[in-house]
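[1] Sequence and predicted structure are below.
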Amino acid sequence: MATVSLQDIRKSFGKTDVIHGVDIDIADGEFIVIVGPSGCGKSTLLRMVAGLETVTSGEVRIGDRRVNEAEPMARDIAMVFQNYALYPHMSVFDNMAYGLKIAKTPKSEIEARVAQAAKMLQLEPYLQRKPRELSGGQRQRVAMGRAIVRKPAVFLFDEPLSNLDAKLRVQMRLEIKALQRELGVTALYVTHDQVEAMTLADRMVVMNGGVADQVGAPLEVYGNPQTTFVAGFIGSPPTNFLSPALLGQQGDGQIGIRPEHMAIDPEGALQGTVAYAEALGAETLVHLRAADGTQVTVRQDAAHAIPAEGSAIRVGWQDGAMMRFDAAGRRV
Amino acid sequence: MHPAIQGLLTIVIGVGACLSYFYFSNQFLDKVLFPAKGPQAGRNINRANMVRPWLFLFPALFALSLYLAYPVVETIRLSLTERVTQPDGSTVYRFVGFANYVQMSADPKFWEAMWNNMFWLIVVPALSTAFGLLAAQLSDRIKWGNVAKSLIFMPMAISFVGAAVIWKLVYDARPPGAEQIGVMNAVYVWLTGNDPQQWLTVPFWNNFLLMVVLVWIQTGFAMVILSAALRGIPEETIEAAIVDGANPFQIFFKIKVPQIAGTIVVVWTTITLVVLKVFDIVFAMTNGQWGTQVLANYMFNQLFVARDWGVGSASAMVIMLLVTPILVWNVRNARKEMR
């Protein structure tokens, strides 16, 4: 268990700058999720913490030790990879035990630790199987087990759930969270899925183009996004962006309003034509086209009537729901 | 006629004959044998479709049985017979049972060839695969790796006889005092001051000098196949091993090699097959003298030099018996790899 701190981390591949200075301080036992679209540098950031990529400039500290130059092994971390990265020629037991064997851990202790992890992950019946004889979810558990048995100070997860089907993903998400709570280990988790980020994180880091746009607790990031990117990326469906002119207001920049804060209201400030409506059961998404062509989504409870396609309606919101951004996309 | 035109004509006639075979045989099947009309139309179409694969397979099956199956049967027959010249000058083949095999097993040269073949069988595939694996791994991540690979692969393009001539020059000896043109003697004389040696006549060790030639050729083959296999290993398993704390040797031997074990076996057995049939190198360099005889060269000597068809065929059968199980195993492994 340890704190992790990244200070002005930068990374370039040749002449291309991928990460332009990221600062994050992670408290002991905290679950941090780095979320962003593909190509934003989130995996590179994680790999730099793991020691699989060199740090171009800045400092990575685990505990109170600078680890920029340390081998991955010496960093007291364990990593769970996207494709699980199980050794196909080794049994589940050997997969979990390999790191301990290299570290010359006594055999009895290896057995005890693997047995404990296997019990925790319900892998006991499969210890002698090869990875190819396991289902996706079981492989995922073995990958977790491999990380657990090493009792690292920090867990690193690189999109560990993206290869699972939707149902299993939800289940494993809960298991990962429960496991991390139980073990009390600091965790750094990379994902492109904002739902995973919202549900897992103690604090989340929203990355965009090699920069951490915002760091904060999930609800804070959701409720108070600092940039248009964060407002658009966190929350589903994404925030509606309207130009001030459309609402008869002065100034440039944009006004963001979340779909769930809008409601169909004959007195509302915005008029639009219903393009189509998606009834999802518990809720309905009504997609409108405003006068200047902007797409607007309204999220309403299923109890409300669904407007007919092509009809002109007005939508309204409370003043507090409006988020103003300047021309550079920063929150005003 | 100009030879080029002759060649062109041959190609046109050959390809034309193949095409017309497929065209007309299919026509015959569809129009004459099982026409797709009349009351039997449906049944005829089904029948024609059952026959059609055999139409396409027939030329290959025919050629294979003529040039592979028939010679095998004929060789078995010859190995059990003796050729006797009658007083009137005609020859008859007399059945002698296993007499040829008995005679062969009493020949010390045969056992020399057997033992040498066993040596070849152990040394050449092992060294070729090991060097190939080493070259594949070492040239993987360096800038001039591809140049190195091309150089190592190049001997594959040289015929066995050509390679034998090249290496004969390496082992060449000139009279004492003269300038040595053979690299081995040049180095030997320079280092020790002794007289140059006729390396290929030094018993037992000269076997290894011959094996070097085949290793030199086959390393390139092993390297190319194993290099492709190494690239197929998921990068993440290697990164996981790095995080697990494995050093480069552990990564190579415990993570990489086991993952390409199947390919290593295929490469190994493929080279084993080449080794069992090795002939040209021995024929061109020593012709089996000074204790370097191998089975294929022994067979050649018996068949075409001593003109003893019985023993020659018997030795051919021995080679076939040795090759067959490895061949079967090789094909099985290769299929498993493809899956």
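    Perfect, I can see it now.
[2] ranges for the helices of the stretch 101-250 of chain A?
    For the stretch 101-250 of chain A, the helices identified by DSSP state H, counting those that start in this stretch occupy A:107-120, A:136-149, A:166-183, A:194-200, A:218-223, A:228-233, in order along the chain.
[3] Could you dump the ones you listed into a markdown table with mean pLDDT, distance to chain B and mean neighbour count added?
    (Each C-beta comes from the backbone N, C-alpha and C, glycine too.) Below are these laid out as a markdown table (pLDDT from 0 to 100; distance: least, Cβ to the nearest Cβ, whole Å; neighbours: other Cβ atoms under 10 Å in any protein chain shown):
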| stretch | mean pLDDT | distance to chain B | mean neighbour count |
| --- | --- | --- | --- |
| helix A:107-120 | 90 | 13 | 16 |
| helix A:136-149 | 88 | 8 | 23 |
| helix A:166-183 | 86 | 18 | 15 |
| helix A:194-200 | 89 | 20 | 20 |
| helix A:218-223 | 91 | 28 | 17 |
| helix A:228-233 | 90 | 27 | 23 |
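[4] excluding its backbone neighbours, what's nearest the most centrally placed residue in chain B?
    The residue lying closest to the centre of chain B (Cα atoms, centre = their mean) is B:V274, at 3.0 Å. Closest residue to B:V274 apart from its sequence neighbours, by Cβ to Cβ, 6 or more residues apart in numbering or on different chains: B:Q218 at 6.6 Å.
[5] The one you found - how many residues pack around it?
    24 (other Cβ atoms under 10 Å in any protein chain shown).
[6] what sits against it?
    Residues in contact with B:Q218 (Cβ atoms under 8 Å, 6 or more residues apart in numbering or on different chains) are B:124-125, B:128, B:132, B:271, B:274.
[7] With respect to chain A, which of those is nearest?
    Within those, the smallest distance to chain A is 20.4 Å, found for B:G132 (Cβ to the nearest Cβ).
[8] Chain B contacts on chain A?
    Contact residues (Cβ under 8 Å from any Cβ of the partner chain) of chain A with chain B: A:50-52, A:71-73, A:77-79, A:81-90, A:98-99, A:102-103, A:146, A:150.
[9] rerun at 7 Å
    A:50, A:52, A:72-73, A:78-79, A:81, A:83, A:85, A:87-89, A:98-99, A:102-103 (Cβ under 7 Å from any Cβ of the partner chain).
[10] Give the buried subset of these as a ChimeraX selection command.
    Filtering those down to the buried ones (16 or more other Cβ atoms under 10 Å in any protein chain shown) takes a single ChimeraX command:
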select /A:50,52,72,73,78,79,81,83,85,87,89,98,99,102
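[11] among the residues of chain A next to chain B, which are in strands?
    A:78-79 (DSSP state E).
[12] Which pair of the residues of chain A next to chain B spans the longest distance?
    The distance between the two most remote of those (Cβ to Cβ) is 24.2 Å, for A:N83 and A:A103.
[13] before we move on, the earlier item: can you tell me which of the contacts of B:Q218 end up in helices?
    B:124-125, B:128, B:132, B:271, B:274 (DSSP state H).
[14] wouldn't B:K168 be in contact with B:M285 here?
    Yes: assessed by Cβ atoms under 7 Å, B:K168 is found in contact with B:M285 at 5.6 Å.
[15] So these two - more neighbours on which side?
    B:M285 (22 against 18).
[16] the domain parsing of chain A - what is it?
    A:4-232, A:240-325 (automatic domain parsing).
[17] mind putting those in TSV, distance to B:A99 included?
    Below are those laid out as TSV (distance: least, Cβ to Cβ, whole Å):
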stretch	distance to B:A99
domain A:4-232	52
domain A:240-325	90
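[18] Which part of the stretch 151-300 of chain A gets nearest to chain B, residue-wise?
    Counting by Cβ to the nearest Cβ, the stretch 151-300 of chain A gets nearest chain B through A:L156, at 8.4 Å.
[19] who touches the closest residue to that residue other than its chain neighbours in this structure?
    If you skip the residues right next to it in sequence, A:L156 has A:M79 as its closest partner in space, 4.3 Å away by Cβ to Cβ, 6+ apart. Applying Cβ atoms under 7 Å, 6 or more residues apart in numbering or on different chains, we find A:M79 in contact with A:50, A:147, A:156, A:158, B:243.
[20] go with 6 Å
    Taking Cβ atoms under 6 Å, 6 or more residues apart in numbering or on different chains, we find A:M79 in contact with A:50, A:156, B:243.
[21] For B:S150, state which of these is nearest.
    Closest to B:S150, out of all of the contacts of A:M79 and judged by Cβ to Cβ, is B:V243, at 34.8 Å.
[22] what does the model give that closest one for pLDDT?
    Listed pLDDT for B:V243 reads 88.
[23] Please apply the same query to the one 10 residues further on.
    On pLDDT, B:F253 comes in at 91.
[24] Tell me how far it lies from chain A.
    12 Å (Cβ to the nearest Cβ, to the nearest Å).
[25] Nearest spatial neighbour of residue 250, chain-adjacent residues omitted?
    Answering for chain A, as no chain was given. A:P244 (6.5 Å).
[26] Actually, chain B is the one I wanted.
    Among residues not flanking B:Q250 along the chain, A:I102 sits closest, at 6.6 Å (Cβ to Cβ, 6+ apart).
[27] Could you do A:F241 as well?
    Nearest to A:F241 is A:Q254, by Cβ to Cβ, 6+ apart, at 4.6 Å.
[28] which residue of chain B sits farthest from its center?
    Quick read of chain B (Cα atoms, centre = their mean): farthest out is B:P39, 55.3 Å.
[29] and the stretch 201-339 of chain B, which residues reach chain A?
    Contact residues (Cβ under 6 Å from any Cβ of the partner chain) of the stretch 201-339 of chain B with chain A: B:236-237, B:239-240, B:242-246, B:258-259.
[30] Repeat the analysis, applying 7 Å as the threshold.
    Counting by Cβ under 7 Å from any Cβ, the stretch 201-339 of chain B sits next to chain A at B:234, B:236-237, B:239-240, B:242-246, B:250, B:255, B:258-259.
[31] Could you export those to TSV, including columns for secondary structure?
    Compiled in TSV, these are given as follows (DSSP: H, G, I helix; E, B strand; the rest coil):
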residue	secondary structure
B:P234	coil
B:E236	helix
B:T237	helix
B:E239	helix
B:A240	helix
B:I242	helix
B:V243	helix
B:D244	helix
B:G245	coil
B:A246	coil
B:Q250	helix
B:I255	helix
B:P258	helix
B:Q259	helix
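[32] Only the buried subset of the residues you listed, as a ChimeraX command please.
    Provided next is the ChimeraX selection string for whichever of these are buried by 16+ other Cβ under 10 Å:
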select /B:234,236,237,239,240,242,243,244,245,246,250,255,259
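[33] Fine by me, we can end here.
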